[in-house]
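Enquirer: Quick check, what structure comes out for this input:
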Amino acid sequence: MRAGTGIQSGEGPAGGGMSSMGSGGPLGIESAVCEEGDKLCLCRENPGAEGCRKKEKVDGENKTPWQKLADLAQMLLAVGGALLGIAHLMKMTGYGAAYARYLAYLAALCGAAASALGVAVLAYGQTLQGAIYTVSGGLLAYWGYTFSAEGAQGKEGLKKAVEPQMKDASNKLGASDLNGTSSSAAG
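Expert: Numbering: from 1, shown residues only. As a prediction, this is how the structure comes out:
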């Protein structure tokens, strides 16, 4: 073995005092040992040979039909998240706290639109990608709506906004209401 090269010298499978990898580096890139009919090797040595085709350049253009929907959903989620974060900071600091709920409404609108775009991506058969946009958009819409309801009327306003919907849902399911009593036991 030659020092530091990792290539064995002497008689090898290729014979003639060369290793099977040729005289080049460990991968034998400089001079490959090829058989006569090996097209890949012939094309590497002489790219203009008959039967060898040139590598085609990829123009880099994305041909995915749902790409614009995915890009728009990502932008809406980013803008909606930023709006909700700004609304939260406005409420915490007191600067423009009265307008924070409007930013939260806009964030909820962005979330709802991103969720709808997620459903459209689902229609293309992209279940995982569409589900991510649908769920993320739904969460953003929910958080924006609850923040805006809380910002408009305080925590009691949020409870008043959500409680009728919760009672209606519990009555339909026959589950317990918000007070912890069973709807069937109350009757």
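
Enquirer: How about the secondary structure of Thr64?
Expert: coil (DSSP: H, G, I helix; E, B strand; the rest coil).

Enquirer: Share the number of residues neighbouring it, please.
Expert: Using other CB atoms under 10 Å, Thr64 is surrounded by 10 other residues. Any C-beta I mention is one placed from the backbone N, CA and C, and that applies to glycine too.

Enquirer: pLDDT wise, what is the closest residue to Ala114 other than its chain neighbours at?
Expert: Nearest non-adjacent residue to Ala114, counting by CB to CB, 6 or more residues apart in numbering: Gly137, 3.3 Å away. Looking at Gly137, its pLDDT is 97.

Enquirer: do Ala114 as well
Expert: 97.

Enquirer: separation between it and Thr64?
Expert: 18 Å (CB to CB, to the nearest Å).

Enquirer: Now Tyr133: which helix or strand?
Expert: Tyr133 belongs to helix 127-173 when elements are defined using DSSP states H and E.

Enquirer: helices and strands around that helix, which ones?
Expert: The contact analysis (3 or more CB pairs under 8 Å, 6 or more residues apart in numbering; DSSP states H and E) places helix 127-173 against helix 67-93, helix 97-123.
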